[in-house]
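K.L.:
how would this look folded up:
(one chain, ligands or ions: 2)
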Amino acid sequence: MFGKKNDPMTKFDVPPAMDANEAARIAFDHDLPLSKHHFVEGEHPVVRIEHLMKTFDGETQVLRDVNLNVWNGEIVVVLGPSGSGKSTMLRCINLLETPTAGHILIDDGEITGKSSKEVGIIRRDLGMVFQSFNLFPHLTAKENVMIGQTKVLKKSKEEAEAEAIKQLTAVGLADRADYKPPQLSGGQQQRVAIARAVAMHPKVLLFDEPTSALDPELVRDVLGVMRELALHGDMTMIVVTHEMGFARDVGDRVVFMEGGVVVEQGLPEDVFDNPQHERTKQFLGSIK
Ligand SMILES: Nc1ncnc2c1ncn2[C@@H]1O[C@H](COP(=O)(O)OP(=O)(O)O)[C@@H](O)[C@H]1O
Ligand SMILES: [Mg+2]
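P.N.:
Ligands and ions are numbered 1, 2, ... in the order given. Predicted structure coming up:
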């Protein structure tokens, strides 16, 4: 934590976003050995984060210089201690927070520095699953999955309903479609929240500790749904979690964050079995 208002430390000097082809080439070379993603020569990352910084109240610098590319269909698992900036990074990607400096590009289109109307449109491409589900308590599971489709995507009620049933079935809750959240367990509510996010068919699905608020016996079902989505859907996912088994089995790449930067990233087996940085070793050691 450093830098006061008007302090030169808070005036970030960030270069302009890189040219898309150049950025894709550099990202390709950088990420190829670090991810199980099946890279295709010439492909571009779907998410490109360059020199992302976030300061709260001109005082607390939470993201210092985050650089990360995520590829179409890739499952990126983000690990790191509490307070390292994981949630802030996700919230910047879907513009729930306004980045202080730096660039976030989705399909090579800059999403930072946009008007609130443009933000609404951009946010359709970015699904989010929160720790706390955030369902509407007065709507049924099915209505929760429909409402974004009808209000935001302007789908017809029939279309939205068919999609809701399809996605609720995929998360194993077809028989709970007419239940309201208070009648569902935490794990079931989170599965509804996942169905709701998937039903919007975002380009990227962001998960912020989706199982952290659940009783242990309910965690497995939610992880199972996420695993299925990762392995058999064609979703691109950025998953912040402390579930190391999921990270190792399902992740194409594991990213370790600390102090507002990406400290280390790589293939799950490399990061878990042979971490390079002292901080990664300490963190993984502390949770074993
Ligand atoms: N709205 C906010 N205002 C001030 N500080 C914040 C705000 N949101 C997050 N922070 C601070 O940013 C740091 C990182 O938070 P967060 O991104 O939630 O970390 P993580 O998700 O890794 O636990 C914490 O020190 C937190 O207190
Ligand atoms: Mg968090």
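K.L.:
quick one: low-confidence residue ranges for the stretch 151-288 of the chain.
P.N.:
288 (pLDDT under 70).
K.L.:
so which residues of it form strands?
P.N.:
204-208, 237-240, 253-258, 261-266 (DSSP state E, counting those that start in this stretch).
K.L.:
got the angle between the third one and strand 261-266?
P.N.:
This points to strand 253-258. Using axes from the mean of the first three to the mean of the last three C-alpha atoms, to 10 degrees, the direction of strand 253-258 lies 150 degrees away from that of strand 261-266.
K.L.:
helices and strands around strand 253-258, which ones?
P.N.:
strand 75-79, strand 261-266, helix 268-273, helix 278-287 (3 or more C-beta pairs under 8 Å, 6 or more residues apart in numbering; DSSP states H and E). The C-beta positions use only the backbone N, C-alpha and C, and glycine is treated the same way.
K.L.:
tell me which of these sits most buried.
P.N.:
strand 75-79 (a mean of 27; mean count of other C-beta atoms under 10 Å).
K.L.:
distance between the helix or strand just after it and the chain's centre?
P.N.:
Where DSSP states H and E defines the elements, the next helix or strand beyond strand 75-79 is helix 86-93. When C-alpha coordinates are averaged (C-alpha atoms, centre = their mean, to the nearest Å), helix 86-93 and its chain have centres 8 Å apart.
K.L.:
check which element follows helix 86-93 along the chain.
P.N.:
Following helix 86-93 in sequence order, the next helix or strand is strand 101-106 (DSSP H and E).
K.L.:
tell me which of the helices and strands packed on strand 253-258 sits nearest to ligand 1.
P.N.:
For the helices and strands packed on strand 253-258, the distance to ligand 1 is smallest for strand 75-79, at 8.6 Å, taking C-beta to the nearest ligand atom.
K.L.:
next one: that closest one to chain centre, how far?
P.N.:
Distance, centroid of strand 75-79 to centroid of chain: 8 Å (C-alpha atoms, centre = their mean).
K.L.:
and the helices in this protein?
P.N.:
20-31, 86-93, 116-123, 141-151, 157-170, 186-199, 216-232, 244-250, 268-273, 278-287 (DSSP state H).
K.L.:
state the mean pLDDT of stretch 74-90.
P.N.:
On average, the pLDDT along stretch 74-90 is 98.
K.L.:
briefly note if it comes near ligand 2.
P.N.:
Yes. Between stretch 74-90 and ligand 2, judged by C-beta under 5 Å from the ion, the touching residues are Lys86, Ser87.
K.L.:
end-to-end on that stretch?
P.N.:
Taking C-alpha to C-alpha, to the nearest Å, stretch 74-90 runs 16 Å from one end to the other.
K.L.:
wait, does that stretch contact ligand 1?
P.N.:
Yes. Counting by C-beta under 6 Å from any ligand atom, ligand 1 has neighbours in stretch 74-90: Gly80, Ser82, Gly83, Ser84, Gly85, Lys86, Ser87, Thr88.
K.L.:
filter these down to the buried ones, ChimeraX style.
P.N.:
Under the burial definition 16 or more other C-beta atoms under 10 Å, those of these that qualify are selected in ChimeraX by:
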select :80,84,85,86,87,88
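K.L.:
pull the most distant pair out of the residues of stretch 74-90 next to ligand 1.
P.N.:
Ser82 and Thr88 (12.1 Å; C-beta to C-beta).
K.L.:
no more questions from me, cheers.
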